[in-house]
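In: how does the following fold in three dimensions:
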Amino acid sequence: MIDIQLIGLLNATLQAATLLFIAALGELITEKSGILNLGVEGMISVGAVTGFMTAINTENIFFAVLVGVLSSSVFASIHALVTVVLKQDQTVSGLILTILGLALSSLLGKNYVGRKLVTKLESVTSITEPSNIIEVLISQNIIFYVAIVLMIGTSFLLKRTMFGRRLEAVGEDSKSSDSMGLKVAKTQFIATCVGGAFAGLSGVYLTLSYVPYWTDNMTSGRGWIALALVIFGGWKPYRTALGAILFGFLEALVPRLQTYGFELSPYIVKITPYVITILVLVILTIYKGGKTGAPKNIGVPFFRENR
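Out: Now for the predicted structure:
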């Protein structure tokens, strides 16, 4: 029989991994088009607070999820406007988006701090204390299964569909894509907004299920972890999912260290994923002759007149 503490750790790992993976998958789609968006932290926060506010005021969980996803997507369109239409620096725009998102969510949510949800995203089954791995899997929140569908769908879209091929072509060589008649700006704008929608879904999962309340800065750097996950996964959905499980495991492990009899500093555990990401990046660079899997045109604005 599996130790109940290990079951609890597995359950917490999957919950934490779901939150990180959805945001990372959205950023992966955005970066595949050649747009770097460092505003993931801000987008998650906006989705989290708008979803929570809607759930409090309407008590309609489906509508709350929809509002959170759409608000974050609209917020991401600011980055798309600045970088795709106005051709401004993507790094600066992304950082401003993070700062703006955190500030805006604090302003919107100041009257909702400490308030309790009447309704929240529940588990698919009524199992509250799973006792084996199967029960852990079937007792997850519906967003967990949505994440699996999104992973499979994104992988299929990138490899098997014309839109996916065009998306990757734009990210690899926007000038050649434009010469072949592909709409570079439109593709990048859509990809950026889709990435924002994914971040919004991650945000509503945060406040409507994972930690069902609202407080300032409750994203706690998860947007930056999502960015690291894309690099860790080599811009591939399945590898990014494996990275999310690793990062989720370490996040779930921190509060349980003393329970298992370890006196290791939690700060060391928290920085471990980033150290691993750096090592993976270095190994990939050496092994693949400098090719990490990143789109060649990522972060580079496309000027059609320079083609």
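
In: where's residue 25, which helix or strand?
Out: Assigned by DSSP states H and E, residue 25 belongs to helix 4-32.

In: packing partners of the helix or strand just after that helix?
Out: Next helix or strand after helix 4-32 toward the C-terminus (DSSP H and E): helix 40-58. Judged by 3 or more CB pairs under 8 Å, 6 or more residues apart in numbering; DSSP states H and E, helix 40-58 is in contact with helix 4-32, helix 61-80, helix 90-108, helix 184-205, helix 222-232. Every residue, glycine included, has its C-beta placed from N, CA and C.

In: of all the ones you listed, which lies closest to residue 39?
Out: Closest of the helices and strands packed on helix 40-58 to residue 39 is helix 90-108, at 2.7 Å (criterion: CB to CB).

In: read off the pLDDT value for residue 228.
Out: For residue 228, the pLDDT comes out at 88.

In: quick revisit: now the helices and strands packed on helix 40-58 in JSON lines, with mean neighbour count and distance to residue 297?
Out: Compiled in JSON lines, the helices and strands packed on helix 40-58 are given as follows (neighbours: other CB atoms under 10 Å; distance: least, CB to CB, whole Å):
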{"stretch": "helix 4-32", "mean neighbour count": "23", "distance to residue 297": "10"}
{"stretch": "helix 61-80", "mean neighbour count": "22", "distance to residue 297": "16"}
{"stretch": "helix 90-108", "mean neighbour count": "19", "distance to residue 297": "11"}
{"stretch": "helix 184-205", "mean neighbour count": "26", "distance to residue 297": "10"}
{"stretch": "helix 222-232", "mean neighbour count": "25", "distance to residue 297": "16"}
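
In: quick one, which of those gets closest to residue 301.
Out: The closest of the helices and strands packed on helix 40-58 to residue 301 is helix 90-108. By CB to CB, the value is 7.2 Å.

In: may I have whatever helix or strand comes next after that closest one as CSV, with CA atoms only?
Out: Counting by DSSP H and E, the next helix or strand C-terminal to helix 90-108 is helix 133-138. Backbone C-alpha positions of helix 133-138 (Å, rounded to 0.1, in the frame of the first residue of the first chain) are rendered in CSV as follows:
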residue,chain,number,x,y,z
ILE,A,133,-2.7,6.6,-7.9
ILE,A,134,-5.9,5.9,-9.9
GLU,A,135,-8.0,7.8,-7.4
VAL,A,136,-5.6,10.7,-7.5
LEU,A,137,-5.9,10.9,-11.3
ILE,A,138,-9.7,10.7,-11.4
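
In: other residues contacting the helix or strand just after helix 133-138?
Out: Counting by DSSP H and E, the next helix or strand C-terminal to helix 133-138 is helix 142-160. Here helix 142-160 makes contact (CB atoms under 8 Å, 6 or more residues apart in numbering) with 14-15, 18, 21-22, 25, 28-29, 32, 121, 124, 163-164, 167-168, 198, 201, 205, 209, 236-238, 241.

In: distance between stretch 233-250 and the chain's centre?
Out: 11 Å (CA atoms, centre = their mean, to the nearest Å).

In: in that stretch, which residues are buried?
Out: Using 16 or more other CB atoms under 10 Å as the test for burial, stretch 233-250 gives 233-237, 239-241, 243-250.

In: who's in contact with stretch 226-233?
Out: 20-21, 23-24, 26-28, 31, 38, 40, 44, 199, 202, 239-244, 246-247, 273-274, 276-277, 280-281, 292, 294.
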